[in-house]
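Q: Dropping a prediction and its sequence here:
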Amino acid sequence: MTKAPARRLATIAVHAGHDPAEAMGAVSPPVYQTGTFVAKDTAELMAINSGEKRGYVYSRVRNPTVLAAEQRVAALEGAQSCVLYASGMAAIAGALAPLLEAGDELVALPDIYGGTIRYFRDVLPRQGVNVVWAASGAVADVLAAVTERTKAIYVETPTNPLLRVVDLRAISELAAQRGIPVVVDGTLGGPMNQRPLHLGAALVVHSASKYLNGHGDLLLGAVCGSRDLTRRLRSNQQASGAIVDPHAAWLLLRGMTTYALRMAAHNAGGQKVAEFLAAHPKVAKVHYPGLTSHPDHALARSQMNGFGALLSFEAQSPDAARHVVDATRLFGIGASLGGVESLISQPGNTSHYSVPQAQRLAMGISESLVRISVGIEDPEDLIADLSQALEGC
């Protein structure tokens, strides 16, 4: 029998997780909007419970629509398995829960999403977990923070909002030598631009609300990895009830069908807008790994296939930054990213609002920093909008 050829990412995004032949020929995956599945008799129920027969019992445990979405995300990441959660933050909590217990240490990099910082600062310590902050994302600084009590290393790359790129291969190799799993938030890269599991990470986390879905109409998180690890995640999830509803899973399935097309537009638009800003006299500095001036450009080229659509730049003053945000016409002022529409914000009052100002400044997030999520509009229109906003500074 001839082996089927490996499918490319754009094809996976459309077809993985759904077989019309198993859904009465429906080209779109059905929404199994139900809490309970009934069995024809007790024997069938027990066979499903034991795993002897494929089937479903209760949507907190497993739902066909959710499973289809999980299979598609896993296929995009080249992972054995995926577990979906109700939000990106729920996915981060779900990924770490089986790895950490009271008395353990988690090594975290300092330049990460503000919501994650809040979780590490306010929640994990109450569970008896000590979060050790590496001095930077450099391999030597990460390893310097590791002790015999370290049970996981948490990495975000590219980082939000300064777009630093972490050497996943080097950190993962050295962590593996110590038996420490590396958990990576890969939201800003996405499977089209980078695959952390292929670089040695144990788990990759996504805020699937962002690029994977891309339409700004749901909250969802995902964790991908080996079946050995995701079984532990799924067991915790089923016990705690941090599940995804079927309609949200269906929205994700629908969004992923255009993932490859959207990401191509995001990558191209992000590069053009970054190059425009880098050449503008009223912009002090641009943070975008696709620019040769970026300190991690060479590393980004070695572990990424594209540079995404999130970027940030330093205006000439805090007042100038606020003016640019308020003066744009096509960009919405909002905290999210990865959607078809372009957004603009100052991280201090959106993504990192929960981080104290002194800590933000220490992280390099100044009051003059502006963050942009480039959508799929024509980049020339976005550039014209930014140009008129900057001219008014």
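A: Perfect, thanks for sending it.

Q: Thr11 and Leu310: what is the separation?
A: In this view, Thr11 and Leu310 are 26 Å apart by CB to CB, to the nearest Å. Glycine gets a C-beta too; all of them are placed from N, C-alpha and C.

Q: higher neighbour count, those two?
A: Leu310 (28 against 12; other CB atoms under 10 Å).

Q: Gly214 contacts Ala260, correct?
A: No - contact criterion CB atoms under 8 Å: Gly214 and Ala260 do not qualify, at 10.9 Å.

Q: quick one, which of these two is more surrounded?
A: Gly214 (26 against 19).

Q: secondary structure class for that one?
A: coil (DSSP: H, G, I helix; E, B strand; the rest coil).

Q: Quick check: phi and psi on it?
A: Dihedral pair for Gly214: phi 80, psi 0, per degrees, to the nearest 10.

Q: same thing with Leu369?
A: Dihedral pair for Leu369: phi -80, psi 130, per degrees, to the nearest 10.

Q: Contact partners for it?
A: Pro161, Ser312, Phe313, Glu314, Ala315, Ala321, Gln346, Pro347, Gly348 (CB atoms under 8 Å, 6 or more residues apart in numbering).

Q: wait, what's in contact with the residue sitting nearest the centre point of the chain?
A: Residue closest to the mean C-alpha point of the chain, counted by CA atoms, centre = their mean, is Thr187 at 2.0 Å. By CB under 8 Å, 6+ apart, the residues touching Thr187 are Gly88, Glu156, Asn160, Val205, His206, Ser207, Lys210, Tyr211, Gly338.

Q: For the residues you listed, which single residue is the most surrounded?
A: His206 (32 neighbours).

Q: Helix or strand: which one has it?
A: Here His206 sits within strand 203-207, counting by DSSP states H and E.

Q: for Leu252, same thing?
A: Assigned by DSSP H and E, Leu252 falls in helix 246-256.

Q: How far off centre is that helix?
A: 16 Å (CA atoms, centre = their mean, to the nearest Å).

Q: helices or strands up against that helix?
A: Helix 246-256 makes packing contacts with helix 64-77 when contacts are defined by 3 or more CB pairs under 8 Å, 6 or more residues apart in numbering; DSSP states H and E.

Q: just checking, what packs against the very next helix or strand once past the helix it packs on?
A: Heading C-terminal from helix 64-77, the first helix or strand you meet, by DSSP H and E, is strand 81-85. With contacts taken as 3+ CB pairs under 8 Å, 6+ apart, strand 81-85 sits against helix 64-77, helix 88-96, strand 221-225, helix 227-240.

Q: one step back: buried ones in the helix holding Leu252?
A: Using 16 or more other CB atoms under 10 Å as the test for burial, helix 246-256 gives Pro246, Ala248, Ala249, Trp250, Leu251, Leu252, Leu253, Arg254, Gly255, Met256.

Q: same thing with stretch 382-392?
A: Residues of stretch 382-392 classed as buried: Leu382, Ile383, Asp385, Leu386, Ala389, Leu390 (neighbour count, 16+ other CB under 10 Å).

Q: Also stretch 36-51?
A: So for stretch 36-51, counting by 16+ other CB under 10 Å, buried means Phe37, Ala39, Leu45, Ile48.

Q: swap in stretch 272-281?
A: Buried residues in stretch 272-281 (16+ other CB under 10 Å): Lys272, Val273, Ala274, Glu275, Phe276, Leu277, Ala278, His280.

Q: Now that stretch: average pLDDT?
A: Averaging pLDDT along stretch 272-281 gives 98.

Q: Repeat that for stretch 319-332.
A: On average, stretch 319-332 scores 97.

Q: What of stretch 22-39?
A: Stretch 22-39 comes out at a mean pLDDT of 95.
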